[in-house]
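[1] can't give you the sequence, but here's the structure:
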């Protein structure tokens, strides 16, 4: 018998589709029901074998599922949990892939009916591409997945979500929700804010009567790859994790201002030390 009898995925794109692919490949899921608003994407998901069937109605789509994965923009997750709550079967576990946890976990835990359980999660994986056709079975292989249990979390539900991500190939880390939101603001949200800002700054540079982005080479393209990510998703993340994102933006601004001062003062020794410190830290994570 498969580990998950019926998996309902709300949001069958890169994240949801990749989870479906690996669980099916490992033989650990019986039936996969895709749920969403874009019927063309859901039909494609059926055609390429990512899901077995689909529903445009979240309430009916989750009926009979023993695992529900919410893989939609973060601002929509609590609303979806509220919609499906009364249609969840006893023993059903609901989890999510949102990169903000504080507000989501607090809201969703209180929405679960008796016998159903919510466990917050965040797989630290992704690409700049979207849609089910961008999904692939090895997306989570060797990546970390942060799970954010609270004092209200059911131990069996937690164990099931942990096991699901281990099957997907992830290293599971348990973390407090507040720590999670601060950590990802630093290692994920801030880099996206910087990448978007850099592209806009260079695109808007008007010293010459042409768009100089066309001269961009590997360094610029590699650094700004994530600026091709879904703007709606990142709008929601910036709004929902506002406090932590602002803290990290201010912290980054302080470091950038220090660098600017070194350049302005032609402080060669200071510049070399600034760059060398960053290189050591960057090399250490490779």
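    Yes, it's here. A quick note: this is a predicted structure, and the numbers were derived from the prediction, not measured.

[2] burial measure for residue 150, as a count.
    Using other Cβ atoms under 10 Å, residue 150 has 15 other residues around it. Backbone N, C-alpha and C define where each C-beta goes, glycine included.

[3] now swap in residue 63 and tell me
    By other Cβ under 10 Å, the burial measure for residue 63, its neighbour count, is 16.

[4] which SS class is it?
    Secondary structure assignment for residue 63 (DSSP: H, G, I helix; E, B strand; the rest coil): coil.

[5] show me what contacts the nearest residue to it once chain neighbours are set aside?
    Spatially, and ignoring its direct neighbours in sequence, residue 63 is nearest to residue 87 (5.4 Å; Cβ to Cβ, 6 or more residues apart in numbering). Contacts for residue 87 (Cβ atoms under 8 Å, 6 or more residues apart in numbering) come out as 59, 60, 62, 63.

[6] pLDDT score for residue 66?
    Looking at residue 66, its pLDDT stands at 97.

[7] looks to me like residue 95 is in a strand.
    Yes: with three-state DSSP as the criterion, residue 95 is part of a strand.

[8] any of the contacts of residue 87 buried? List them.
    Burial by neighbour count, 16 or more other Cβ atoms under 10 Å: within the contacts of residue 87 this picks out 62, 63.

[9] separation between the residue nearest to residue 63 and residue 68?
    With distances taken as Cβ to Cβ, to the nearest Å, residue 87 is found 10 Å from residue 68.

[10] which residues are in contact with each of those two?
    Joint contacts of residue 87 and residue 68 (Cβ under 8 Å, 6+ apart) are residue 62.

[11] in space, what's closest to residue 227 - neighbours in sequence excluded?
    Computed as Cβ to Cβ, 6+ apart, the closest residue to residue 227 that is not its neighbour in sequence is residue 195, at 4.2 Å.

[12] list the contacts for the one you found?
    223, 224, 225, 226, 227.

[13] return the helix or strand in this structure with minimum mean pLDDT.
    Counting by mean pLDDT, DSSP states H and E, the chain has its least confident helix or strand at helix 218-223, which shows a mean of 88.

[14] packing partners of that helix?
    Secondary-structure packing of helix 218-223 (3 or more Cβ pairs under 8 Å, 6 or more residues apart in numbering; DSSP states H and E): helix 190-203.

[15] thinking again about what came up before, by pLDDT, rank the contacts of residue 195 and give me the bottom one.
    Comparing the contacts of residue 195 by pLDDT, residue 223 comes last, at 90.

[16] so how far is residue 195 from that residue?
    Remark: distance between residue 223 and residue 195 (Cβ to Cβ) = 7 Å.

[17] how about residue 3?
    37 Å.

[18] same check on residue 48?
    30 Å.

[19] hang on, residue 228 packs against residue 130?
    No: between residue 228 and residue 130 there is no contact under Cβ atoms under 8 Å: 9.6 Å.

[20] quick one, strands of the stretch 1-150 of the chain?
    Counting by DSSP state E, counting those that start in this stretch, the stretch 1-150 of the chain has strands at residues 4-10, 29-35, 53-55, 67-70, 93-96, 117-119, 121-123, 144-147.
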